[in-house]
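Asker: show me the folded form of this:
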Amino acid sequence: MSTPSPTQSDESTIHIADELKDQGNGYFRSRQWDEALVAYQSALGHLPRRTENAPSDDSSKAAPGDSNDETPQIIAEKSSTNGPVPQEEPDAIAKRRAILNANIGACYVKLVRTSISETV
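Answerer: So this is what the prediction gives:
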């Protein structure tokens, strides 16, 4: 079975997400945590949504007769410009999403540390 190639729209939104991440990196290096956070969150919103069903680690541990056989559907941040994940690139999109989430977390750590140091 052949997988469809990413559409021009998918490639465009991924490119925008990469540019926003780079912009966020510049803000982060300049210690502009709020601006970096906004850029990273915006980049995350431009990535295609993840619409595939994710396997559940607990599904094999379910007791016989459990009525909850549904696998949760994971959907990323909603944006009207992003579509489903291109079939041939789910790992690349997942890697971008993981990096952006880590960068967002780093911004929150810096913001909290800055806030704490200002109050001491």
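Asker: now the helices: where do they sit in this protein?
Answerer: For the chain, the helices identified by DSSP state H occupy 8-29, 33-46, 90-119, in order along the chain.
Asker: which other helices and strands does the longest one contact?
Answerer: Contacting helix 90-119 under the criterion 3 or more C-beta pairs under 8 Å, 6 or more residues apart in numbering; DSSP states H and E are the following elements: helix 8-29, helix 33-46. Using the backbone N, CA and C atoms, a C-beta is placed for each residue, glycine as well.
Asker: deepest-packed of these, please.
Answerer: Each of the helices and strands packed on helix 90-119 was scored by mean neighbour count; the highest is helix 33-46, a mean of 20, by mean count of other C-beta atoms under 10 Å.
Asker: just the CA trace of it, in CSV.
Answerer: Once side chains and other backbone atoms are set aside, the C-alpha atoms of helix 33-46 remain, and they are given as CSV (Å, rounded to 0.1, in the frame of the first residue of the first chain):
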residue,chain,number,x,y,z
TRP,A,33,11.4,33.9,27.7
ASP,A,34,7.9,35.3,27.1
GLU,A,35,8.6,35.9,23.4
ALA,A,36,10.2,32.5,23.0
LEU,A,37,7.2,30.8,24.7
VAL,A,38,4.8,32.5,22.3
ALA,A,39,6.9,31.6,19.3
TYR,A,40,7.2,27.9,20.4
GLN,A,41,3.5,27.7,21.1
SER,A,42,2.6,29.2,17.8
ALA,A,43,5.0,26.8,16.0
LEU,A,44,3.3,23.9,17.7
GLY,A,45,-0.1,25.1,16.5
HIS,A,46,1.1,25.1,12.9
